[in-house]
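**Q** Sequence and predicted structure are below.
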Amino acid sequence: MSIKITAELVKELREATGVSVMQCKNALEEAGGDMEKALIILKKKSSSIAMKKADRNAKDGMIVVKEGNDKTILLALHTETDFVAKNEDFVNLANKLADMAKDEGIESMKAKSLDMINEVVQKVGEKIELGKVEQIDGTILGSYVHNNKSATIVSLSLGTKELARDIAMHIAAMKPAFTKAEDITDEDRKKVIEVFEREVAESDKPEEIKKKMLEGKISTYFKEQTLMDQMFIKNPEITVATLLKNNNAKLISFIYESIN
């Protein structure tokens, strides 16, 4: 025997799930007014709802960083608009997924993430997808998150957490393409040379001067793009390499991610 679908029942289901009134009413009608069955129907349908939104561009979102014992997790969760990226359900989801990655491991989190994501898709009505999820290990870790849209984690040998955080902040601001000069490949150099050759060719200077101009432009470009050669943002009198040396520290690794 079916139960009459009352406004109170719809309200109760909506409060339990957060989905629209119409979705709750339809689920209750399909379930014959049975609340438990309606919950199952909504959960079953949440996957198909997410599939219908799969062709949309999830270009916005947020980045979460979670620190654990000798490890730190960076997780990016994408959605379509900044409005949803600030939604409480979306923010809670991103933090829950990051906590799961920290406590249970990244692969375990990924295995459980789809159902959790689909439930929130059903609530907010936008595509949501998991982005980069990485773990960085070390005893001296520092992180910096800017407006939940970009984040960096740095691992040092020796030094302090404060130093690691300062370097993470520097990386977030300066976005180096290379860590050290040795990372620059011949292909990297070739592309840069081609760009500046065209620029120098337009000058009316003598060839010998043009050659020096080209060498100077290439050298300056790579110094500005190489972390160890960059001038430290909090003290432009020294490079990042000098900063590390002055603190008897060594950069082990870092990760950086940005949305937008």
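**A** Received, thanks. Numbering: from 1, shown residues only.

**Q** Low-confidence ranges, this protein, go.
**A** Confidence mapping of the chain against pLDDT under 70 gives the ranges 1-2, 47, 51, 260.

**Q** Which stretches in it count as strands?
**A** Along the chain, counting by DSSP state E, strands occupy 60-68, 71-79, 128-137, 140-146, 150-157, 250-258.

**Q** Starting from the shortest one, tell me which strands it pairs with and how they run.
**A** In its sheet, strand 140-146 lies beside strand 150-157 (antiparallel), with partners assigned from DSSP bridges.

**Q** Report the angle between the strand it pairs with and strand 128-137.
**A** 20 degrees (axes from the mean of the first three to the mean of the last three Cα atoms, to 10 degrees).

**Q** Identify each buried residue in strand 150-157, please.
**A** Residues of strand 150-157 classed as buried by neighbour count (16 or more other Cβ atoms under 10 Å): 150, 151, 152, 153, 154, 155, 156. Any C-beta I mention is one placed from the backbone N, CA and C, and that applies to glycine too.

**Q** what's the answer for stretch 120-132, then?
**A** Residues 120, 121, 122, 123, 124, 126, 127, 128, 129, 130, 132 are the ones in stretch 120-132 that count as buried (16+ other Cβ under 10 Å).

**Q** Find the nearest non-adjacent residue to the second one, please.
**A** Residue nearest to residue 121 in three dimensions, not counting chain neighbours: residue 50, with 4.5 Å by Cβ to Cβ, 6 or more residues apart in numbering.

**Q** for residue 170, what are its contacts?
**A** By Cβ atoms under 8 Å, 6 or more residues apart in numbering, the contact set of residue 170 is 230, 232, 233, 234, 240.

**Q** With residue 247 as the reference, measure out to the second one.
**A** Meaning residue 232. 11 Å (Cβ to Cβ, to the nearest Å).

**Q** ok, these two, which is more surrounded?
**A** Each of residue 232 and residue 247 has its neighbours counted (other Cβ atoms under 10 Å); residue 232 has more, 18 against 15.

**Q** right, and that one touches residue 245 too?
**A** No. In this structure residue 232 lies outside contact range of residue 245 using Cβ atoms under 8 Å: 11.7 Å.

**Q** about what we covered before: figure out which of the strands of the chain is closest to residue 26.
**A** With Cβ to Cβ as the measure, strand 128-137 is the member of these nearest residue 26 (22.1 Å).

**Q** And stretch 140-153, what's buried?
**A** Across stretch 140-153, burial judged by 16+ other Cβ under 10 Å covers 140, 141, 142, 143, 144, 145, 148, 149, 150, 151, 152, 153.

**Q** Would you tell me which one of those residues comes nearest to residue 73?
**A** Out of those, the member with the shortest distance to residue 73 (by Cβ to Cβ) is residue 153, at 8.5 Å.

**Q** Is that closest one bridged to anything, and to what?
**A** Applying DSSP bridges, one finds that residue 153 bridges with residue 143, residue 255.

**Q** Quickly note the distance from it to residue 232.
**A** 18 Å.

**Q** re the thing from before, can you pick the most crowded of the contacts of residue 170?
**A** In terms of neighbours by other Cβ under 10 Å, the contacts of residue 170 top out with residue 240 at 24 neighbours.
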